[in-house]
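J.: Would you be able to build a 3D model of this:
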Amino acid sequence: MFSQMNLQIAMSNVVWANLLNGVGTALIFVSLATTTMGTLRNEQMGNATGIFNLMRNIGGSIGIAAMATFLARWTQTHQAILVSHLTPYDPAYQRWLNAAQAGLKTRVGEVAAGPKALGILYNVLTQQAHLLAFMDNFRVISILSLLGVPLVLLFKKPKARKVPAAH
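T.: The predicted structure follows:
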């Protein structure tokens, strides 16, 4: 769903993708907790739930830190790649810069139009670099998720517990 993103993405695209992600996350955590706790005795449940939550929080923290690091580094990488295409010898660059300066001259004056146009261009460049880095992050998360699917076959199926009769 996020593979076709651009800077003009509609809110509905983000909402539906995040709604699907939320449903999937709920389904994962319920079955993961059931699989984890299903083979334990009642006396072990207290310690097991504490360790389970600790490991889930540590894993989430490591994942967030890794994705933030990847995002920062990939943004810099994409920015370096994109800026290499912005040269004064490129006709498209010259056309865009001249059009931006002409549009800004009436608002900020002739002297400030050049630096303002370059500032706008840099802002667009950083937005594009961030978008490409986010797409790289989504790609890594998707690949890791697909690689984790076969691990489900290694799980032990929990036994059904006997429910005590109500009085």
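J.: Spit out the contact partners of the closest residue to Leu40 other than its chain neighbours.
T.: Among residues not flanking Leu40 along the chain, Ala48 sits closest, at 5.3 Å (CB to CB, 6 or more residues apart in numbering). (Glycine included, C-beta is placed from N, CA and C.) Contact partners of Ala48, counting by CB atoms under 8 Å, 6 or more residues apart in numbering, are Thr36, Met37, Leu40.
J.: hang on, the first one packs against Met55?
T.: Looking back up the chat, that one is Thr36. No: counting by CB atoms under 8 Å, Met55 is not a contact partner of Thr36; they are 9.5 Å apart.
J.: Give me the more crowded residue out of the two.
T.: Ranked by neighbour count (other CB atoms under 10 Å), Thr36 and Met55 place Thr36 first, with 17 against 11.
J.: State the helix or strand in which the more buried one lies.
T.: Using DSSP states H and E, Thr36 falls within helix 11-37.
J.: could you point out which element follows that helix?
T.: helix 45-83.
J.: do you know how far Lys105 is from Ala113?
T.: For Lys105, the distance to Ala113 equals 5 Å [CB to CB, to the nearest Å].
J.: Likewise for Ile143?
T.: Applying CB to CB to Ile143 and Ala113 gives a distance of 45 Å.
J.: higher neighbour count, the two?
T.: Ala113 (18 against 10).
J.: Now do the same contact list for that one.
T.: By CB under 8 Å, 6+ apart, the contact list for Ala113 reads Ala100, Gln101, Ala102, Leu104, Lys105.
J.: Likewise for Gln76?
T.: Ala129.
J.: can you redo the contacts of Ala48 as a markdown table with distance to Val149 and pLDDT?
T.: Shown next, in a markdown table, are the contacts of Ala48 (distance: CB to CB, whole Å; pLDDT from 0 to 100):
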| residue | distance to Val149 | pLDDT |
| --- | --- | --- |
| Thr36 | 18 | 81 |
| Met37 | 22 | 82 |
| Leu40 | 25 | 83 |
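J.: what about Gln101, how many neighbours?
T.: 19.
J.: er, Leu104 I mean
T.: Around Leu104 there are 19 residues (other CB under 10 Å).
J.: For it, which three-state class applies?
T.: Three-state call for Leu104 (DSSP: H, G, I helix; E, B strand; the rest coil): helix.
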